[in-house]
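In: A predicted structure for the sequence below; I have some questions about it.
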Amino acid sequence: MKEIAADSPQDNPEQSLPHFEKWMNIRTRDINFVLDTVIEKVAEESSRLSVYGLINISRICVMGHSLGGSAALGAGWQRDDIKAVISLEAPFLCDIQGVDDNGNFIFEQSEYA
């Protein structure tokens, strides 16, 4: 996190991009771990008396704010089982594909489905 906080992406995007990728990798792995664990628990516990019995895994939504919102957007790109993403005040860090010759970030242009 210190790397991202110390960065100045507008001045040196080439330096910032690896930091963004590193941080988003950590955060999306965290989201994936939680989702995989919940899905596993839902499969194990069929009882409606358990909190896991109340979860409909065909309607997964992830949500985040700021860098957490960036990670939520990234997880939405990575997983087909995520049906909705709510991202509040978040940069599109997982959408950055590289840096062009003019020092501008290149963003993913595909539509979210």
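Out: Nice, I can see it.
In: quick one: the most centrally placed residue in the chain and L49, what's the gap?
Out: The centroid of the chain falls nearest to A71 when counting by C-alpha atoms, centre = their mean (2.3 Å). Distance, A71 to L49, by C-beta to C-beta, to the nearest Å: 32 Å. Every residue, glycine included, has its C-beta placed from N, CA and C.
In: do the same with K22
Out: 42 Å.
In: neighbour count winner among these two?
Out: K22 (12 against 8; other C-beta atoms under 10 Å).
In: so which strand or helix has that one?
Out: Assigned by DSSP states H and E, K22 belongs to helix 13-44.
In: Now do the buried residues in that helix.
Out: For helix 13-44, the buried set under the neighbour-count rule, 16 or more other C-beta atoms under 10 Å, comprises 13, 16-17, 19-20, 23-24, 27-28, 31-32, 35, 42.
In: Could you pull up the mean pLDDT of stretch 57-66?
Out: Per-residue pLDDT over stretch 57-66 has a mean of 96.
In: still on that earlier bit, lowest-confidence entry in the buried residues of helix 13-44?
Out: Per-residue pLDDT puts P13 lowest of the buried residues of helix 13-44, at 81.
In: what's the burial count for the closest residue to that residue other than its chain neighbours?
Out: What sits nearest to P13 in space, not counting adjacent residues and going by C-beta to C-beta, 6 or more residues apart in numbering, is V99, at 4.8 Å. Counted with other C-beta under 10 Å, the neighbours of V99 add up to 17.
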